[in-house]
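[1] no sequence for this one, just the structure:
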């Protein structure tokens, strides 16, 4: 993937990666000698991304003083692959994925939502590895892309 793709993703997210290899893991399929080389998924990043999105969304609405019921309503509406896929389409995230990962994402749906989760997992790890909390960086990205 060319450097301009990296800049485009960072611009879309409003986040600059300290470790570009984390970003590349999220936007390109596995390869090399990995026995799962045909997979276009980075499952560890997706699981981490889903967890950090949920934590950030709940934290956001909790800090606003919403009731438990309202927090749960907001979480259910925002923390799902369908919403991630919608957000990803709105910001043009598909164009930042490698061609094979873009094809796997299809016209919409779970695979594009999963790519968003992987990217959020990469943002979290990147910030933690740079000495941050991870949550602050994710909070900023999720606000920029209007998840919160």
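    Nice, thanks for sending it over. None of these values were measured; they are calculated from a predicted model.
[2] Which parts of this structure are helices?
    For the chain, the helices defined by DSSP state H occupy 3-13, 20-27, 43-63, 68-78, 81-91, 99-105, 110-129, 135-144.
[3] what about the third one, average pLDDT?
    So the one you mean is helix 43-63. The average pLDDT within helix 43-63 is 95.
[4] relative to helix 68-78, how tilted is that helix?
    140 degrees (axes from the mean of the first three to the mean of the last three Cα atoms, to 10 degrees).
[5] helices or strands up against helix 43-63?
    Helix 43-63 sits against helix 68-78, helix 110-129, helix 135-144, with contacts defined as 3 or more Cβ pairs under 8 Å, 6 or more residues apart in numbering; DSSP states H and E. To be clear about C-beta, it is placed using only N, CA and C from the backbone, and glycine gets the same treatment.
[6] returning to that earlier point: export the helices of the chain as JSON lines, with columns for mean neighbour count.
    Below are those laid out as JSON lines (neighbours: other Cβ atoms under 10 Å):
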{"stretch": "helix 3-13", "mean neighbour count": "15"}
{"stretch": "helix 20-27", "mean neighbour count": "19"}
{"stretch": "helix 43-63", "mean neighbour count": "18"}
{"stretch": "helix 68-78", "mean neighbour count": "14"}
{"stretch": "helix 81-91", "mean neighbour count": "18"}
{"stretch": "helix 99-105", "mean neighbour count": "17"}
{"stretch": "helix 110-129", "mean neighbour count": "24"}
{"stretch": "helix 135-144", "mean neighbour count": "18"}
